[in-house]
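K.L.:
Predicted coordinates and the sequence they were generated for:
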Amino acid sequence: MEKHKLIGTVIGVLAFIALIAGLTYAWFTWTSGNTILGGTTECFTINYVNGQNISGQITPSANYSGGKTTTVQIGIDSGCNIGGTGTIKLTTNSSGNAISLADGAVKYAVYNGSSEVSSGNVTDGTIELATVNLTKSLVTYTIYVWVDGAIVDNTYIGKSYSGYIHASAEQTHE
């Protein structure tokens with residue numbers, strides 16, 4: 001009988017040690033920097049300064065200044081000790097009097113101040129305009145959509161574009 005008690009006690013002690021070791025390993029793994037601070041959004045700020053809508057009639061022009069524009073600000077809260085990237089996207093809506101996107105005449109450009117961040121052609125659906133590294137201050141990005149006057153003819157007069165921008169932020173490991 002004594003031998004069975006001793007074996008049971010040894011098994012119990014070994015199981016307890018294994019449990020403590022497993023919990024300790026789990027704790028160190030969890031606290032090693034892989035956690036998201038403050039949930040998923042408390043450390044990021046995204047402001048749509050002029051709203052998200054970037055729609056209306058667009059007259060063909062020589063450059064981005066003749067089109068539609070809107071602005072987004074993205075940054076990390078100064079109290080958060082994390083890194084992050086921001087993504088700016090454009091979603092095009094279809095409408096009855098819409099500009100054709102097939103010929104590449106509808107363009108976009110993203111600017112930070114006077115510096116171009118990205119540019120290209122607008123296509124149907126949702127496209128990624130830019131991915132940027134975030135800082136601990138709000139950075140303003142201006143998004144332009146225009147019709148390239150060098151590509152189009154008079155069939156674009158009176159046509160409209162309908163779309164909106166949206167942005168997201170994601171934590172990166174520092």
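P.N.:
Yep, it's here. Numbering: from 1, shown residues only.
K.L.:
Please make it C-alpha for all contacts and neighbour counts, starting now.
P.N.:
Fine.
K.L.:
for stretch 146-154, how far is the first residue from the last?
P.N.:
End-to-end distance for stretch 146-154, by CA to CA, to the nearest Å: 15 Å.
K.L.:
List of residues touching it?
P.N.:
58-68, 105-108 (CA atoms under 8 Å, 6 or more residues apart in numbering).
K.L.:
What's the ChimeraX line that selects buried ones from the residues you listed?
P.N.:
In ChimeraX, a selection of the buried entries from those looks like this (16 or more other CA atoms under 10 Å):
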select :58,59,60,61,63,64,66,67,68,105,106,107,108
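K.L.:
Which member of the contacts of stretch 146-154 is positioned nearest Ile157?
P.N.:
Closest approach to Ile157 among the contacts of stretch 146-154 (CA to CA): Thr59, at 6.4 Å.
K.L.:
Identify the residues contacting the closest one.
P.N.:
Contacts of Thr59 by CA under 8 Å, 6+ apart are 66-67, 146-147, 156-158.
K.L.:
which SSE is Thr45 in?
P.N.:
In this assignment (DSSP states H and E), Thr45 forms part of strand 44-48.
K.L.:
Can you tell me the strand partners of the helix or strand following that strand and which way each runs?
P.N.:
Scanning forward in sequence from strand 44-48 by DSSP H and E, the next helix or strand is strand 56-57. As defined by DSSP bridges, the strand partners of strand 56-57 come to strand 160-161 (antiparallel).
K.L.:
pLDDT (mean, whole number) over the strand it pairs with?
P.N.:
Strand 160-161 shows an average pLDDT of 86 in the prediction.
K.L.:
And for stretch 121-140?
P.N.:
92.
K.L.:
What is the end-to-end distance of it?
P.N.:
Stretch 121-140 has an end-to-end distance of 22 Å (criterion: CA to CA).
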